[in-house]
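A.B. asks: model this:
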Amino acid sequence: MENFLLLGICFGLGLFFRRLPQFPESTPKVLNGFILFVSLPSLVLYHLHELKVDATSLLPSSMPWVIFGIAIVFFLGLYKLKFLKFHTAVCLVLTAGLGNTSFVGFPLLETYLGKSSLGYGILADQLGTFMVLSFPGIILASIAMDGKWDFTTLVKRVLGFAPIYALFVALLSRQFVYPDALKLVLIRLGDTLTPLALVSVGYMLDMRTIAGHGKVLALGLGFKLILAPIFVYWIYSPLKEDSLLFQTIVLESAMAPMVTSTVITIEKNISPHLASLMLGIGIPISFGTTYVLNFLLKGNYI
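C.D. replies: Reported below is the predicted structural model:
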């Protein structure tokens with residue numbers, strides 16, 4: 001419950017700050033810079049270092065890769081058919097193709113399936129969603145930012161993504177135990193990600209822009225909240241006998257757009273208003289759609 005309260009307060013603060021002269025138009029850029037260079041690397045250094053990985057990890061962690069791949073085919077296919085502009089298609093891939101598998105996902109999983117589902121949820125988030133964002137996600141965003149495929153520029157863009165370095169350090173240092181003081185510092189710094197990101201998105205959120213993005217917004221949220229879970233249900237249906245694993249994977253696939261991918265999309269100026277609408281409207285709607293999905297799964301209606 002406290003996560004949802006935090007969400008509402010931070011969105012509200014972002015909307016409120018937009019009206020104050022003390023918070024200039026560059027406010028989201030400053031907040032996003034702190035998120036990408038401090039908050040997110042701190043989370044990566046802590047969680048990936050502590051994460052226990054085994055053969056079972058492949059199942060929940062594969063789901064975000066599957067959805068992202070489908071999103072690329074779906075939205076870039078619509079771009080090729082001239083139904084979408086390139087930046088719009090990339091924005092939808094980065095927002096509708098990546099889910100909020102932690103901040104919104106974890107409390108909803110615990111509510112619907114109990115604490116025992118959180119282990120699978122963490123694997124889906126850390127080895128799935130974050131890894132997809134760190135590599136194919138950043139590559140796609142960089143191509144959209146530069147407007148062309150240039151290998152040298154692409155490598156520079158990827159290496160300019162600070163969490164990549166945190167990822168390598170976390171993996172290389174897994175054999176060592178972090179001091180308790182370092183763990184505490186990393187957790188505290190990592191905890192700033194969600195509040196700052198939500199304030200930034202709230203600041204950017206302009207409901208007046210819905211009129212100009214109505215159709216693509218409906219398309220993106222329809223894919224993320226309805227089509228993606230349908231694809232995942234069908235693909236992972238052989239796992240039905242392990243009901244907890246199966247239900248966790250399906251529910252995680254139905255979460256709202258990812259906060260961090262939205263921040264990156266805004267930061268790189270890839271249809272930023274559409275990105276903020278995808279997150280700002282997608283999160284509250286997802287509470288209802290995941291509730292219905294959980295009801296259908298638990299009642300064996302699907």
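A.B. asks: how deep is residue 294 tucked in, by neighbour count?
C.D. replies: 19 (other Cβ atoms under 10 Å). The C-beta positions use only the backbone N, C-alpha and C, and glycine is treated the same way.
A.B. asks: hang on, isn't it packed against residue 251?
C.D. replies: Yes: between residue 294 and residue 251 a contact is recorded at 6.3 Å, counting by Cβ atoms under 8 Å.
A.B. asks: where do the contact lists of those two overlap?
C.D. replies: Taking Cβ atoms under 8 Å, 6 or more residues apart in numbering as the criterion, residue 294 and residue 251 both touch 112, 113.
A.B. asks: Give me the residue ranges of the stretch 1-150 of the chain where confidence is low.
C.D. replies: Counting by pLDDT under 70, the low-confidence segments of the stretch 1-150 of the chain come to 1, 3, 148-150.
A.B. asks: residue ranges for the helices of it, please.
C.D. replies: 2-17, 27-34, 40-50, 58-80, 86-96, 105-113, 118-123, 130-132, 138-146 (DSSP state H, counting those that start in this stretch).
A.B. asks: what's the span of stretch 172-190 from first residue to last?
C.D. replies: The first and final residues of stretch 172-190 sit 20 Å from each other (Cα to Cα, to the nearest Å).
A.B. asks: Give me the residues contacting stretch 49-65.
C.D. replies: Here stretch 49-65 has contacts from 98-99, 101, 120-124, 126-129, 131-132, 170, 173-174, 178, 232, 236, 239, 245, 248-249, 252-253, using Cβ under 8 Å, 6+ apart.
A.B. asks: now these: which count as buried?
C.D. replies: 98-99, 101, 120-124, 126-129, 131-132, 170, 178, 232, 236, 239, 245, 248-249, 252-253 (16 or more other Cβ atoms under 10 Å).
A.B. asks: Tell me where the longest helix sits in this protein.
C.D. replies: For the chain, the helix that runs over the most residues, judged by DSSP state H, is helix 272-298.
A.B. asks: How far does that one sit from its chain's centre?
C.D. replies: With Cα atoms, centre = their mean, to the nearest Å as the basis, helix 272-298 stands 12 Å off its chain's centre.
A.B. asks: So which bits of that helix are buried?
C.D. replies: Buried, per 16+ other Cβ under 10 Å, within helix 272-298: 272-283, 286, 289-290, 293-294, 297.
A.B. asks: Identify the residues contacting residue 229.
C.D. replies: Applying Cβ under 8 Å, 6+ apart, the residues contacting residue 229 are 250, 251, 253, 254, 293.
A.B. asks: Let's see which of these end up in helices.
C.D. replies: 250, 251, 253, 293.
A.B. asks: Just name the closest of those to residue 194, please.
C.D. replies: Distance to residue 194 across those (Cβ to Cβ) is lowest for residue 251, with 19.7 Å.
A.B. asks: Distance of the closest one relative to residue 124?
C.D. replies: 10 Å (Cβ to Cβ, to the nearest Å).
A.B. asks: So the nearest residue to residue 6 once chain neighbours are set aside versus residue 212, what's the distance?
C.D. replies: Leaving aside its chain neighbours, residue 6 sits nearest to residue 195 (6.6 Å; criterion: Cβ to Cβ, 6 or more residues apart in numbering). Distance of residue 195 to residue 212, given as Cβ to Cβ: 29 Å.
A.B. asks: Who has more neighbours out of these two?
C.D. replies: Neighbours were counted for residue 195 and for residue 212 using other Cβ under 10 Å; residue 195 has more, 17 against 12.
A.B. asks: Quick check: which element contains that one?
C.D. replies: Assessed by DSSP states H and E, residue 195 sits inside helix 193-204.
A.B. asks: From the rest of the structure, what touches that helix?
C.D. replies: 6-7, 10-15, 17-18, 23, 27-28, 31-32, 34-35, 39-40, 43, 103, 259-260, 262-263, 266, 272-273, 276, 279-280.
A.B. asks: And stretch 98-117, by the same measure?
C.D. replies: Contacts of stretch 98-117 (Cβ under 8 Å, 6+ apart): 1, 3-4, 7, 64, 67-68, 118, 121-122, 124-125, 128-129, 132-133, 137, 194, 224, 228, 244, 247-248, 251-259, 261, 283, 286-287, 290, 294.
A.B. asks: Quick check: end-to-end length of it?
C.D. replies: Stretch 98-117 end-to-end distance (Cα to Cα) = 20 Å.
A.B. asks: One more: stretch 214-228?
C.D. replies: By Cα to Cα, one end of stretch 214-228 lies 20 Å from the other end.
A.B. asks: That stretch: which residues count as buried?
C.D. replies: 216, 217, 219, 220, 221, 223, 224, 225, 227, 228.
A.B. asks: swap in stretch 190-210?
C.D. replies: Applying 16+ other Cβ under 10 Å to stretch 190-210 flags 190, 192-205, 209 as buried.
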